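1. Need coordinates for the below:
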Amino acid sequence: MQAEEGNIAGSAQTILKALDQERRAGSVGPQVMQLIKPRPTASNWGNRS
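-> Sure thing, here's the model as predicted:
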């Protein structure tokens, strides 16, 4: 949500915190990197649902 609002530093910090928690949890549950959605590019803006 922070990245959508333009808060790149805040979203990066949230990702780093989540990665740290994931490492501590011993990879139980979904992986953080699997939850991060790629940012839409100009070529796929028209294909958004």
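2. can we go C-alpha only for contacts and neighbour counts from here?
-> Will do.
3. And the helix ranked longest in the chain, what does it pack against?
-> Among the elements of type helix in the chain, defined by DSSP state H, the one spanning the most residues is helix 8-25. Packing partners of helix 8-25 (3 or more Cα pairs under 8 Å, 6 or more residues apart in numbering; DSSP states H and E): helix 32-35.
4. any idea of the mean pLDDT in the helix it packs on?
-> Here the mean pLDDT over helix 32-35 is 68, rounded to a whole number.
5. Pass me the low-pLDDT residue ranges in this protein, would you?
-> With pLDDT under 70 as the threshold, the chain has low-confidence stretches at 1-4, 26-34, 42-49.
6. Could you report the separation of residue 5 from residue 21?
-> Distance from residue 5 to residue 21, counting by Cα to Cα, to the nearest Å: 24 Å.
7. Compare neighbour counts for the two and give me the winner.
-> Neighbours per residue (other Cα atoms under 10 Å) separate residue 5 from residue 21, with residue 21 holding more: 13 against 8.
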